[in-house]
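Undergrad: Generate a structure from the sequence data that follows.
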Amino acid sequence: MKKRSMAALTAIVVVASLVAAAPGQRAVAAGSGPGDTARSAESTLVNGVDLDTVTIPELQARMDRGSLSSLKLTLAYLRRIKAVDPRINAVLRTSPTALRQAAASDLRHRLGKPRGPLDGIPVLLKDNVNTRDMPTTAGSLALAGSPPDTDADLVGKLRAAGAVILGKTNLSEWANFRAAKPTSGWSAVGGQTNNPYVLDRNPCGSSSGSAAALAASLAQVAIGTETDGSIVCPAGMNGVVGLKPSLGVVSQSGVVPISAEQDTAGPMARNVIDAALTLSVLGGPDTVRADGAASLADAVGRPGSLRGKRIGLWRLPSLGAEVDALMTRTAQRLTAAGAEVVEVDLPYQERLAELEFPALLSEFHRDIDAYLPTRGGPQDLAELIEFNRTQPREQTCFAGQELFEQALAAPPTTDPGYRAMRAELTDLSRRSIDEVMAAHELDAIASPANPPAWTTDCARGDNDVIPSSTPAAVAGYPSLSVPVGFVGELPVGLLLMAGDHQDAELLSLGAAVEHRLDAWRAPRYLPSSPSGTAR
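TA: Numbering: from 1, shown residues only. Below is the predicted model:
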């Protein structure tokens, strides 16, 4: 015991010297030596580990054996951020304490006292998640002053689990709830995030920086947030995994809001197992599964068989012939693996589309007016609107704030008309999933998560009519995007959705689908690319 403690203390001295030499943003340069080159900084290899493909369990096994340290892993990601991120503009800032966090994790591993699967794992946070030691801006200059006084609840859980909070990612400003025709991935604070696969294409919103950073292997996992589509669409469009958990699984305390009735943070990763392990920390073991279901670790630790699974395919041909052809081939591959795929159509979608936006306007006004007084700057929505009118930088990509203005005039959430609207939304969205799953005895419903990424264009705005995320988002049910293939050079995700608090079951199925399709590949950072055929 004494020998082990002495070794640990020696390690602290060595690590502390590295940390002292490299606080905050300078951490990237700390590991640079005379022989370092841009090529080595861009490498995805660290101590024989390929960052593109390694999973958290593999990293933990190496850290337990002593063949890899959290410090080396964190330094590798910081170097990649410095070398690669200028092309995609996904990371707003790195944490000034990242290396100290990694050193503390290494000590726990040496003492045989790691705190769980995320101990020592570098995590990026979307910049609408409060951090006491870094700014939290939601992409807006209105919040670009002092950091929040406290961490968001989910950040507290990550810190308690030993995760290394690596930094903050860019996002669509105000989570794409400002202008009628926004450009996803753009914020006044961070500028435009690019899709790593084809740089002039859009990353989708609003968790654009989190998804693009993962595609470029700039962290092991990231946290996104979603009201409707803002985790699963960026995940699909950037070729990574994104889970929108069941509503209430992850605390929203300390997250810049749109609607308490739909908002949730969730994990994003390059593989399903990492997303599942991150959810186990964010939500806790008792909140991510239906009663009687297997534990989260059991559900995704070993990809199960697809044999006998019944999956409903909601095609959504409006997303294009190439995506539809990709769905046909996906159905054939799942069928060959033993699954039963049946074509379905989800009811009530037109009515949901009519009701969702008006309800969100009322909820945003209520929730943002509750959040803003916790921060410096504008204290309510009216002051925020006036702030934007006086800030030229807020208008450099698009000038509009029509959603803010409509929310200011929307009925309060105490209004009987609003209450009836939200009640109908909840009822129809849940029935749209529950009735179809019951009628066909389904384990999940699948649909395309996204079309091929459109060209980013501030003058035009987004081209993003993507209805697949809405049923689960409005119902508060879980949905999971996993890579399914490509249209030319552009990734497409398969969106899986299931019933309330079936997060563990959905992740288990997603792991099996991921294993069967094996559709992920690293981005090539092409400057531009014409549309291609699906493959």
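Undergrad: center of this protein, which residue is that?
TA: Centroid-nearest residue in the chain, with CA atoms, centre = their mean: residue 224, separated by 3.2 Å.
Undergrad: does that residue have beta-bridge partners, and which?
TA: Bridge pairing for residue 224 (DSSP bridges) gives the partners residue 266.
Undergrad: Measure how far stretch 310-329 is from the centre of its chain, please.
TA: Distance of stretch 310-329 from the chain centroid (CA atoms, centre = their mean, to the nearest Å) equals 23 Å.
Undergrad: end-to-end on it?
TA: 17 Å (CA to CA, to the nearest Å).
Undergrad: Quick one: mean pLDDT over that stretch.
TA: Taken as a whole, stretch 310-329 has an average pLDDT of 97.
Undergrad: picking that back up, please tell me how far the residue nearest to the centre of the chain sits from residue 56.
TA: Relative to residue 56, residue 224 is positioned 17 Å away (criterion: CB to CB, to the nearest Å). Quick note: C-beta positions are derived from backbone N, CA and C, even for glycine.
Undergrad: got it, and residue 350?
TA: Counting by CB to CB, the gap from residue 350 to residue 56 is 42 Å.
Undergrad: Which of these two has more residues huddled nearby?
TA: Taking other CB atoms under 10 Å, residue 350 and residue 56 do not tie; residue 56 has more neighbours (22 against 9).
Undergrad: if I pick residue 89, what's in contact with it?
TA: Each residue near residue 89 by CB atoms under 8 Å, 6 or more residues apart in numbering is listed here: 170, 190, 191, 192, 193, 194, 209.
Undergrad: Show me which of those are buried.
TA: Buried positions within the contacts of residue 89, assessed by neighbour count (16 or more other CB atoms under 10 Å), are 170, 190, 192, 193, 194, 209.
Undergrad: pLDDT below threshold where in the stretch 151-300 of the chain?
TA: Along the stretch 151-300 of the chain, segments meeting pLDDT under 70 span 285-300.
Undergrad: So which residues of it form helices?
TA: With DSSP state H, counting those that start in this stretch as the criterion, the stretch 151-300 of the chain has helices at 153-160, 208-215, 232-237, 272-283, 296-301.
Undergrad: which helices and strands sit right next to the biggest helix by length in the chain?
TA: Longest helix in the chain, counting residues (DSSP state H): helix 416-440. Packing partners of helix 416-440 (3 or more CB pairs under 8 Å, 6 or more residues apart in numbering; DSSP states H and E): strand 310-313, helix 349-371, strand 444-448, helix 470-475.
Undergrad: Dump the next helix or strand after the last one to CSV, restricted to CA.
TA: Scanning forward in sequence from helix 470-475 by DSSP states H and E, the next helix or strand is strand 479-487. Taking only C-alpha atoms (Å, rounded to 0.1, in the frame of the first residue of the first chain), the coordinates of strand 479-487 have been written out as CSV:
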residue,chain,number,x,y,z
SER,A,479,-35.0,8.6,-30.2
LEU,A,480,-31.6,7.4,-31.4
SER,A,481,-29.7,8.3,-34.6
VAL,A,482,-27.1,5.8,-35.8
PRO,A,483,-25.0,6.0,-39.0
VAL,A,484,-26.8,4.1,-41.8
GLY,A,485,-24.8,5.1,-45.0
PHE,A,486,-23.9,7.9,-47.3
VAL,A,487,-25.3,9.8,-50.2
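Undergrad: contacting residues for residue 516?
TA: 306, 333, 334, 337.
Undergrad: of all those residues, which comes closest to residue 278?
TA: Closest approach to residue 278 among the contacts of residue 516 (CB to CB): residue 306, at 23.9 Å.
Undergrad: Just confirm that closest one contacts residue 335, I think it does.
TA: No - at 9.1 Å, residue 306 does not count as touching residue 335 under the criterion of CB atoms under 8 Å.
Undergrad: Between those two, which is the more surrounded one?
TA: residue 306 (22 against 13).
Undergrad: and the more buried one, what pLDDT?
TA: Confidence at residue 306, expressed as pLDDT, is 96.
Undergrad: who's in contact with it?
TA: 334, 337, 338, 339, 509, 512, 513, 516 are the contacts of residue 306 under CB under 8 Å, 6+ apart.
Undergrad: what comes into contact with the longest helix of the chain?
TA: 261, 310, 312, 342, 344-349, 351-352, 355-356, 358-359, 362-363, 410-413, 442, 444-445, 470-477, 497-500.
Undergrad: again, only this time at 7 Å
TA: Contact with helix 416-440 is made by 261, 310, 312, 342, 344, 346-349, 351-352, 355-356, 358-359, 362, 411, 442, 445, 471-472, 474-475, 477, 497, 499, as judged by CB atoms under 7 Å, 6 or more residues apart in numbering.
Undergrad: ok, now stretch 441-450?
TA: 204, 232-233, 235-237, 309-314, 316, 319, 323, 327, 344, 433, 436-437, 466, 468, 481, 492-498, 506, 509.
Undergrad: tell me the mean pLDDT for that stretch?
TA: For stretch 441-450, the per-residue pLDDT averages 98.
Undergrad: Just the terminal-to-terminal distance for it.
TA: Using CA to CA, first and last residues of stretch 441-450 are 26 Å apart.
Undergrad: Going by neighbour count, which residues of it are buried?
TA: 442, 443, 444, 445, 446, 447, 448, 449, 450.
Undergrad: for stretch 119-132, same thing?
TA: 119-131.
Undergrad: got it, and stretch 425-445?
TA: Under the neighbour-count criterion of 16+ other CB under 10 Å, stretch 425-445 has 425-426, 428-433, 436-437, 440, 442-445 buried.
Undergrad: next one: stretch 60-69
TA: For stretch 60-69, by 16+ other CB under 10 Å, it's 60, 62, 63, 68, 69.
Undergrad: Show the end-to-end separation of that stretch, please.
TA: 9 Å.
Undergrad: what distance separates it from the centre of its chain?
TA: Centre-to-centre, stretch 60-69 and its host chain are 26 Å apart (CA atoms, centre = their mean).
Undergrad: ok so, going back, export the contacts of residue 89 to TSV and tack on distance to residue 278?
TA: What follows is the contacts of residue 89, written out as TSV (distance: CB to CB, whole Å):
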residue	distance to residue 278
170	20
190	23
191	27
192	27
193	21
194	25
209	17
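Undergrad: Which two of those residues have the greatest separation?
TA: Farthest apart among the contacts of residue 89 by CB to CB are 190 and 194. That separation is 11.6 Å.
Undergrad: Please name the residues that touch residue 199.
TA: 87, 525, 526, 527.
Undergrad: Skipping its backbone neighbours, what lies nearest the last one in space?
TA: When you say that, I think you mean residue 527. residue 199 (5.4 Å; CB to CB, 6 or more residues apart in numbering).
Undergrad: what's the spacing between that neighbour and residue 368?
TA: Taking CB to CB, one finds residue 199 at 33 Å from residue 368.
Undergrad: for residue 449, same thing?
TA: In terms of CB to CB, residue 449 sits 28 Å off from residue 368.
Undergrad: buried residues in stretch 515-526?
TA: Judged by neighbour count using 16+ other CB under 10 Å, the buried positions of stretch 515-526 are 515, 516, 517, 519, 520, 522, 523, 525, 526.
Undergrad: where's residue 530 relative to residue 493, distance?
TA: 21 Å.
Undergrad: ok, back up a step: show me which of the buried residues of stretch 425-445 is closest to residue 217.
TA: Using CB to CB, residue 444 comes nearest to residue 217 of these, at 28.4 Å.
Undergrad: If any of the contacts of stretch 441-450 are buried, give me the ChimeraX selection for them.
TA: To isolate the buried ones among those in ChimeraX, judged by 16+ other CB under 10 Å, type:
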select :204,232,233,235,236,237,309,311,312,313,314,316,319,323,327,344,433,436,437,466,468,481,492,493,494,495,496,497,498,506,509
